[in-house]
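In: This is a predicted model, with the sequence first.
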Amino acid sequence: MTIKPLIILPDPLLRQVSQPFERVDSDVTRLADDMLETMYDAPGIGLAAVQIGVPRRLLVIDVSKEGEDKKPLVVINPEIVASSDQRSVYEEGCLSIPDYYAEVERPAAITLNFLDREGKQQTIEADGLLATCLQHEIDHLNGVLFIDHISRLKRDMVIRKFTKAAKGKL
């Protein structure tokens with residue numbers, strides 16, 4: 001397993017829509033393992049493949065609490081098939097937008113179809129932090145960032161800050 005460098009805003013790759021996998025093979029599981037190692041090292045609770053420069057529909061998540069056994073979830077070609085009308089608000093952050101956090105409102109619960117690391121079709125119902133994290137990472141696969149869910153003024157300020165930093169002007 002290898003820790004991969006993270007893609008940081010304003011890299012245009014973060015706005016690219018990721019492509020699905022045709023099949024799950026050893027290359028896909030190796031990528032998932034690298035992503036898990038990268039996510040744990042960061043440290044984070046979720047990571048989309050595009051965040052390490054691979055615009056494919058793969059994400060990894062582990063929302064276990066500190067001190068608990070790790071519970072990694074590998075999600076390939078995810079599709080949200082239902083979401084609740086009830087909403088929840090969480091303070092979100094992103095490994096691709098370091099040290100910036102904002103409250104984001106999303107559906108409180110979702111039903112998700114995906115392939116697991118063995119290529120088997122799975123369906124899960126998620127709520128709470130897991131639902132929020134899954135939606136955040138699936139947004140990445142669609143070229144959407146969590147700052148797209150906040151006010152335009154705040155989003156523009158964040159983008160300007162990271163664009164300046166990328167140019168070495170901060």
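Out: All right, it came through fine. Residues are numbered from 1 along each chain as shown.

In: For Leu145, grab the count of nearby residues.
Out: When neighbours are counted by other C-beta atoms under 10 Å, Leu145 registers 20. Just so you know, the C-beta spots here come from the backbone N, C-alpha and C atoms, and that holds for glycine as well.

In: For it, which non-adjacent residue is closest in space?
Out: Distances taken as C-beta to C-beta, 6 or more residues apart in numbering place Leu14 nearest to Leu145, at 6.4 Å, with adjacent residues excluded.

In: Hmm, the one you found is touching Leu6, no?
Out: No - counting by C-beta atoms under 8 Å, Leu14 does not reach Leu6; the two are 10.3 Å apart.

In: Common neighbours of the two, please.
Out: Applying C-beta atoms under 8 Å, 6 or more residues apart in numbering, one finds that Leu14 and Leu6 are jointly contacted by 51, 96.

In: show me the contacts for the residue nearest to Leu145.
Out: Residues in contact with Leu14 (C-beta under 8 Å, 6+ apart) are 7, 50-51, 96, 140, 143, 145.

In: now, which of those sits nearest Ala165?
Out: Ser96 (12.7 Å; C-beta to C-beta).

In: Just give the number of residues close to the nearest residue to the closest one once chain neighbours are set aside.
Out: Closest residue in space to Ser96, ignoring its immediate chain neighbours: Gln51 at 5.2 Å, by C-beta to C-beta, 6+ apart. Gln51 has 28 neighbouring residues, counting by other C-beta under 10 Å.

In: that's a helix at Gln51, yeah?
Out: Yes - secondary structure of Gln51 (DSSP: H, G, I helix; E, B strand; the rest coil): part of a helix.

In: Could I get the contacting residues of it?
Out: Contacts for Gln51 (C-beta under 8 Å, 6+ apart) come out as 6-7, 14, 95-96, 140.

In: Find the centremost residue of this protein, please.
Out: Glu137 (2.4 Å; C-alpha atoms, centre = their mean).

In: Now do that residue against Leu112, distance only.
Out: 11 Å (C-beta to C-beta, to the nearest Å).

In: Give me the common contacts of the two.
Out: With C-beta under 8 Å, 6+ apart as the test, Glu137 and Leu112 both reach Val75.

In: so the spatially closest residue to Gly93 that is not a sequence neighbour is in which element?
Out: In this structure, Gly93 finds its nearest non-sequential neighbour in Tyr101, 4.5 Å apart by C-beta to C-beta, 6+ apart. Secondary structure assignment for Tyr101, by DSSP states H and E: strand 97-107.

In: What lies in contact with that strand?
Out: Residues contacting strand 97-107 (C-beta under 8 Å, 6+ apart): 8-9, 83-94, 131-132, 135-136, 145-147, 149-150, 154, 158, 162.
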